[in-house]
Structures are given as C-alpha cells and as structure tokens.
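Enquirer: Got a predicted structure plus its sequence, pasted below:
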There are 2 protein chains.
Amino acid sequence: MKRANISDVARVAGTSRKTVSRVVNNEPNVHESTRRQVLDAIAKLKYRPLTSARSLATNRSFTVGLLYDNRSPSYIMAVQAGVLEACEAQHYSMTVQPLVSAAPDFVERVDDILTRHRPDGLILTPPTTDHAALLKHLRKNGIPFASISPRHPEGQVGVILREREAAAAMVAHLVSLGHTRIAHIVGDLEHGAGVWRLAGYRDGMKRAGLKENPAYMVPGKFSFESGVAAARKLLALRQRPTAIFAGDDDMATGTIWAASEAELSVPGDISVCGFDDTTIATQVWPPLTTIHQPVHAMARRATEELLRLVLGRGEAHMVELDYEMRIRASTGPRP
Amino acid sequence: MKRANISDVARVAGTSRKTVSRVVNNEPNVHESTRRQVLDAIAKLKYRPLTSARSLATNRSFTVGLLYDNRSPSYIMAVQAGVLEACEAQHYSMTVQPLVSAAPDFVERVDDILTRHRPDGLILTPPTTDHAALLKHLRKNGIPFASISPRHPEGQVGVILREREAAAAMVAHLVSLGHTRIAHIVGDLEHGAGVWRLAGYRDGMKRAGLKENPAYMVPGKFSFESGVAAARKLLALRQRPTAIFAGDDDMATGTIWAASEAELSVPGDISVCGFDDTTIATQVWPPLTTIHQPVHAMARRATEELLRLVLGRGEAHMVELDYEMRIRASTGPRP
DNA sequence: TCCATTTGGTATACCGATTCCGGATCTCGC
DNA sequence: GCGAGATCCGGAATCGGTATACCAAATGGA
C-alpha cells in the first residue's frame, strides 16, 4: 500500500496540486468549499506531506539541531524533552549531536552537520554556548541559534536563570541556620554557571558580613568525582567548614559521599547543599537542599524563541527565568 | 556564500552530474583519473550532498528513529550515544521520539512519524519492544526495526543480555555471604527485564536450596519511588530479610534510602544490591553491588544490526551479550 | 454600468539529488 | 584489423513538494 502524495489528493479533491499545498500550509485565497473538499481528500487518503520533498522545495529542513557536550544525562534529557515539546507544537523535529567542544575539528564537525542536514536553527547548551569560533561561524553563515544559560547572554537569544541571585540566597539560607564557616565547591569556570554561582556565593558572604576564606573555595568540574575530591580536601581542613555549598547537585552528591566515607553525619556534623535540583537530589540520603533549575521549561522556552526567529514571527529575546529554592534535609543548624 | 551543489561540482570537474554522483556513492565504472578530478572539485568547493534531495530521489531518509518511553535518563542517554555511534559510521542520523506506549493513539503517533520522516529503520527500547500492535504495524508496513532487550526475542533482530543468568548469579553472591532471608523487589513485568530477573532470582533461590517466601517478592516499577515503597514494606516485616535484591539500581537506591530513613545501616544491618550499574550505582553511599549492563554497547550493536538489515548487507541477528558482576560495598556478610 | 481590484484557482518551472537507458570508448582474442 | 563485451560516461526523466506567473471570476466604488 503506497502512501498517497499530493497529486493523489489533488485528483481526488478535483483541484490542482498547488491548491492542496495552500490548504496544507494554511495559505490564504482558497474558498471555504474547496478547502473542505481538499481536507476530505486528505483524510480519506491519510495524506501527510513528505518532509524531504518540502525541505528540498523550501530550502528549509523543519528540524532544529541540539548541540551538547558532556553534561549529566538528566540535564540533557530534560533539555531534549523541552526542545521536543516546543518542536512538536510547530511540527518540527529535532536531531541531537553530542560533541566534544574541546576537539580541534569542533567547528568543522558542526559545519558538516549544517551542510548535510541544514537544520533551520540550533539550540546550544553549555559549554558550546560560549565557543567563540562556533558562534562566529554560525553568525557568518546566518544560522539562527538560541542558547541555554550562555555565559555572555547580552544581545543573544535564549534563556538564562538568575543564578547569581539564587546562589546568594542559598548562602543566606545557611547563614540563617547559624553557619559562618561556609565553603563553596566552585564549578567549571568555563561555564557561566560556574562563574555566576561563585559570584553569588561571594555576594552572600559579603551581605552576611562574613570574611572570605580562600581555603573554603575549592575548584570542581561539575561532576560527582570532582565533588568527592573537593569535599575530601575541605573535610581534611584543620578548621573544617560547617556547611558546604556545592556548585551543583552532582558535586553535592559527591560531598555527601565523602562525608559518609569520613563517617560524618549530614546535616548533623556538616550541612551540604547543591544547585539544579536534578533527579538525584531527592534520591540521595539525606535529600538535598538545592536550587530548582527548571531545565525542561528553559529548553522549551529557548526553542520557542528560536522558532520565532526561524519562522520570522515577532522578536526573539533572551528570557530570564526565576529559580526556586528547595529546602530539604541536607542542611540543618550549625552543630 | 551559497553552498555548492552537484552541478557546480560537475562543472568544475568537467564531467556530468551523474559521474559526480557515482564518485560520491562509490559506484563502479568511473575511471581513476576522472574520479580524482571529481574528488578535487568536491574538496575545492567543500561539497556535501544535501540529505533531503538524496532522500527524495532514493526514497530513503538516511535516518533511524529511536523510540522510547519513560526509562531513566541515564539509560536513554546511554542508548542514544550507542545509536549515534553506529549511525555515524554509516553517515546516518538519528531522530528521537519519546512516547507514551500506553496512550491510545500510540500506534497512530508512530505512524505519523513514519509517514512524515520515513526513517529507514527503528530502534525500539523497552517497553515499546513488546507493544503487539506496534510490532504488527511495523511488520505490515515493512519497516525494519531492531529491539533492545525485547521480552520475546525469538526471531527478532536486536540485542539481549543474559539477565536471568545474571540474576541467579547475584543471588548466589548473597548466599555466599551467608544470607538466607533474601528478598526481591520485582521490576515492571511488562518489561522482559522484570520477568527475567524474577526468574533468575527464583533459579538462584532454588539452586541454593532456599524456600521461596511470597512476602519476600514485592512488586516495583523500575523507579526510585517504587523502590522506596517496596523497601518500606520489606523493612516493616516481622521477619525482616537480611538482603534485598532490587530489580534495578533505581529501586536499589530507593531501598538504601528507605533503610536510611529507618536508621538501618547498609550493609551492616541489611545488604542491598541492584541491577544495571547506572551512574547512580557509584554515587550512592554505600556504592551498590550490581550487575553491569553495557547499555551503550548494546545500543550500538543493535543499531549495527538494524543498519545491516536496512542496507541489505548480510544477515541480521538477535545478539546475546554477557553481563558482568560488580561487587561493591552495599553487600556484606549476614548480620 | 463599467473599470479597477481583490480573490480563487491553474500551469509550469524548479529544488538537488538519483535512476534508467543508451551511446561512446577501450580492451582483447582471433 | 575487426567485432564483442567491458568499461566509462552523459542525457532525460523522476522523486514530491513549493514558487512564480498568470488567468478567470467575484467584488466594489464612482
């Protein structure tokens, strides 16, 4: 049973192919009665336009590409789900491309995808959002793109979170519990998130009138392992912090792990908190106090902005979304 | 700067478009010297064939579709990575489709994707691997597909793991530690995994000469929450088990969580083990004893089989892969 | 009523590849 | 040196849509 094409529909409806095309694409200048005939024929034949043919004729692919590099699975999955949701609303589809942004042929590889599949637009996730050569290439070739949490959001299209503010609020929460020796496991400073959260931590300390202690700011990489390593250092300090604010939930999980290893109780001996509110935040014991980052909604919104750009419907912006604090059992009063 | 098309290449190389097409597709009957000229022209113009045009002409899409429903993010991400790896080797691309297999319009939705994008083949993951109506539809329409861990692998193409054997081995491990009161949190019986692991648990008990206790076999759903609920039941039992074999790592994590909640120490008071060896297995405290399931390799292999089918190169099979046991700190001697 | 304008519709070229068919050139055995 | 069969290559049609141009009918204002 072959699939019906546009000629079949035209024949059944008794019109020209172009008229069918008009109906399918909601173009003006088709009489209500003919429209109905065409729609009937479409339903009868179960006709659906073939994407590759439309692409060829319109020079559009009805596809957006999602670029990512090495973030946690739950983050990427949430992003994907959001992107897909926005795509579906416009009958777009999504292709994903895992990449290694540090690779020397990075831009070349992206270009390969670009010329083969010609996605109508790209969604960038950290750290590809800030790959200078990539951005330059995209701009030069006029490829629309939207960024999720880019480090330099000015003048771009996409979505960001008030992360700096959120991080400061987290410190304030710890201060309100009586903590003064508050450490921070810094994220990857290549990511905006790493920079903003560190800045927010400092803001928070300053506002509380607490002095910064360099030994309390240890570098991490937004990974479980780096969290374990950083936490071990902090826990071995002569003057141990009473609270550790990890730059993300993975590192916070690593911190709890290290605390268990050192036979310290959380939050009895030490409070731990994270950032992102990923699935693991509620699956570790104790459940993590963290900042909820609405990744799904952010991705959806970014894609909506991208499609606005692609379809030429209205202005596209850099949208700023709000965080929410989730206070759970991993933080408690100063011991 | 417009992209070069096949005519541009033909002009520069001084041949016909057809000859260029021959070179690009490695077809025979082109002289070495002309081949060289064409390749030079391609390099000079940075020509890459446009996928949508190829699709239209060949009635192939050079795309495989990945269907999934609701498994854990890390599982799906691992699958995606494996699929992409295999695709890349053949210059194929992947589109993903999250679906709700219980939805009434499930088959219709898949058909929509099928007729719009015409993927050359489909990769199915549980539980879509066993959706009778879907399989029937695919067979009727001649859509090639490969399944990962289908419940009924006979005569199909794809990959499975010796899960039953693995589960029995896990029980044997617990027995070797002195445990006799061994409980099992059963997975979703809609999935092959749920069935096989339960069967393996029974095999293991039988081989050890242990009597089955219905109260020790509680249903779960392959999710953290269901693991917590099931574990609470088990821990409240008058005669508490000394070891809990959860059907997957998520439920095992839930079990550890419930144990922490009940202020029981793992493995001091109770041993816990899981199945899958997902990322969380090494991020909880204590690290989980589990069965390593090579999801990435399985997905890659399944895709290779699918592409063999699609490209008509040789026979495609149901491949059986081996598991590996990972003994970590969550299991210990009977208290 | 008549002409200008809008609306509804068709015919045809075109997007960028491949496939089918056939023509030209080369190789080789006799 | 000649025909047969490989080998090499090109022209035209084709895939399933959309864009452009143009025509006919309906509408509207003076």
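Expert: It's in.
Enquirer: quick one: contacts for the closest residue in space to residue A:199 that isn't next to it in sequence?
Expert: Taking C-beta to C-beta, 6 or more residues apart in numbering or on different chains as the measure, residue A:199 lies nearest to residue A:164, with 5.1 Å between them; neighbours along the chain are not counted. For the C-beta atoms, the positions are set from N, CA and C on the backbone; glycine is no exception. The neighbours of residue A:164, taking C-beta atoms under 8 Å, 6 or more residues apart in numbering or on different chains as the test, are A:196-197, A:199-200, A:203.
Enquirer: likewise residue A:283?
Expert: Contact partners of residue A:283, counting by C-beta under 8 Å, 6+ apart, are B:224, B:250, B:253-254, B:257, B:280, B:284.
Enquirer: circling back to that earlier point, for ChimeraX, write the select line for the buried members of the contacts of residue A:164.
Expert: Only the buried entries of the contacts of residue A:164 go into this ChimeraX selection, using 16 or more other C-beta atoms under 10 Å in any protein chain shown:
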select /A:196,197,200,203
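Enquirer: And the contacts of residue A:164, which is closest to DNA strand D?
Expert: Minimum separation from DNA strand D among the contacts of residue A:164 (C-beta to the nearest atom of the strand) is found for residue A:196, which lies at 42.3 Å.
Enquirer: Tell me the helices and strands packed up against the one helix or strand the closest one maps to.
Expert: Assignment of secondary structure by DSSP states H and E places residue A:196 within helix A:192-207. In terms of contact count using 3 or more C-beta pairs under 8 Å, 6 or more residues apart in numbering or on different chains; DSSP states H and E, helix A:192-207 is assigned the packing partners helix A:163-176, strand A:182-186.
Enquirer: Burial-wise, tell me which of those comes out on top.
Expert: Per-stretch averages of neighbours, counted by mean count of other C-beta atoms under 10 Å in any protein chain shown, single out strand A:182-186 among these, with a mean of 27.
Enquirer: hey, where'd the strands end up in chain A?
Expert: Taking DSSP state E as the test, the strands found in chain A are A:63-68, A:93-98, A:121-124, A:145-148, A:158-161, A:182-186, A:217-219, A:243-246, A:271-273, A:290-292, A:318-321, A:324-326.
Enquirer: just the angle between the first one and strand A:93-98, please?
Expert: Pointing back at strand A:63-68 there. For strand A:63-68 against strand A:93-98, the angle by axes from the mean of the first three to the mean of the last three C-alpha atoms, to 10 degrees is 20 degrees.
Enquirer: Nearest to chain B among the contacts of residue A:164?
Expert: Sorting the contacts of residue A:164 by how near they are to chain B, with C-beta to the nearest C-beta, puts residue A:197 at the top with 20.6 Å.
Enquirer: Identify the residue spatially nearest to that closest one, adjacent ones excluded.
Expert: Using C-beta to C-beta, 6+ apart and skipping the chain neighbours, the partner closest in space to residue A:197 is residue A:167 (4.4 Å).
Enquirer: Surely the one you found touches residue A:275?
Expert: Yes - between residue A:167 and residue A:275 there is a contact under C-beta atoms under 8 Å: 7.1 Å.
Enquirer: Extract the CA atoms of stretch A:81-89 and return them as PDB.
Expert: Only the C-alpha atoms of stretch A:81-89 are listed here, as PDB (Å, rounded to 0.1, in the frame of the first residue of the first chain):
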ATOM      1  CA  ALA A  81      12.300  16.800  26.300                       C
ATOM      2  CA  GLY A  82      11.800  20.600  26.400                       C
ATOM      3  CA  VAL A  83      13.100  21.100  22.900                       C
ATOM      4  CA  LEU A  84      10.900  18.300  21.600                       C
ATOM      5  CA  GLU A  85       7.900  19.700  23.200                       C
ATOM      6  CA  ALA A  86       8.400  23.100  21.500                       C
ATOM      7  CA  CYS A  87       9.200  21.500  18.200                       C
ATOM      8  CA  GLU A  88       6.100  19.400  18.200                       C
ATOM      9  CA  ALA A  89       3.900  22.400  18.500                       C
END
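Enquirer: Need the overlap of contacts for residue A:167 and residue A:275.
Expert: Taking C-beta under 8 Å, 6+ apart as the contact definition, residue A:167 and residue A:275 share the neighbouring residues A:197, A:291.
Enquirer: coming back round to it: between the helices and strands packed on helix A:192-207, which one is nearest to DNA strand D?
Expert: Nearest of the helices and strands packed on helix A:192-207 to DNA strand D, taken as C-beta to the nearest atom of the strand: helix A:163-176 at 41.2 Å.
Enquirer: tally of neighbours for the closest residue to DNA strand C within the stretch 201-335 of chain A?
Expert: For the stretch 201-335 of chain A, the residue positioned closest to DNA strand C under C-beta to the nearest atom of the strand is residue A:310, at a distance of 18.6 Å. Other residues near residue A:310 number 22, with proximity taken as other C-beta atoms under 10 Å in any protein chain shown.
Enquirer: looking at it, it is touching residue A:122, isn't it?
Expert: No - taking contacts as C-beta under 8 Å, residue A:310 lies outside contact range of residue A:122: 10.1 Å.
Enquirer: shared neighbours, those two?
Expert: With C-beta under 8 Å, 6+ apart applied, the overlap between the contact sets of residue A:310 and residue A:122 consists of A:64, A:144.
Enquirer: now stretch A:68-77, how far from the centre of its chain.
Expert: In terms of C-alpha atoms, centre = their mean, to the nearest Å, the centre of stretch A:68-77 is found 8 Å from the chain centre.
Enquirer: And for stretch A:109-116?
Expert: The gap between the average C-alpha position of stretch A:109-116 and the chain average comes to 22 Å, counting by C-alpha atoms, centre = their mean.
Enquirer: can you check stretch A:196-216 too?
Expert: Computed by C-alpha atoms, centre = their mean, the chain-centroid distance of stretch A:196-216 equals 26 Å.
Enquirer: if I pick residue A:235, what's in contact with it?
Expert: Residue A:235 neighbours (C-beta under 8 Å, 6+ apart): A:258-259, A:262, A:264, A:270.
Enquirer: Redo those residues as JSON lines? Include pLDDT, distance to DNA strand C and neighbour count.
Expert: What follows is the contacts of residue A:235, written out as JSON lines (pLDDT from 0 to 100; distance: C-beta to the nearest atom of the strand, whole Å; neighbours: other C-beta atoms under 10 Å in any protein chain shown):
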{"residue": "A:258", "pLDDT": "98", "distance to DNA strand C": "55", "neighbour count": "23"}
{"residue": "A:259", "pLDDT": "98", "distance to DNA strand C": "58", "neighbour count": "24"}
{"residue": "A:262", "pLDDT": "97", "distance to DNA strand C": "61", "neighbour count": "14"}
{"residue": "A:264", "pLDDT": "97", "distance to DNA strand C": "62", "neighbour count": "18"}
{"residue": "A:270", "pLDDT": "98", "distance to DNA strand C": "61", "neighbour count": "28"}
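Enquirer: So which bits of the stretch 1-150 of chain A are right by DNA strand D?
Expert: Along the stretch 1-150 of chain A, the residues adjacent to DNA strand D under the rule C-beta under 7 Å from any atom of the strand are A:5-7, A:17-18, A:20-21, A:24-25, A:47-50, A:53-54, A:56-58.
Enquirer: run the last query once more with 10 Å
Expert: A:2-10, A:16-25, A:27, A:29, A:31, A:47-60 (C-beta under 10 Å from any atom of the strand).
Enquirer: Tell me how many other residues surround residue A:136.
Expert: Applying the criterion other C-beta under 10 Å, we find 11 residues in the vicinity of residue A:136.
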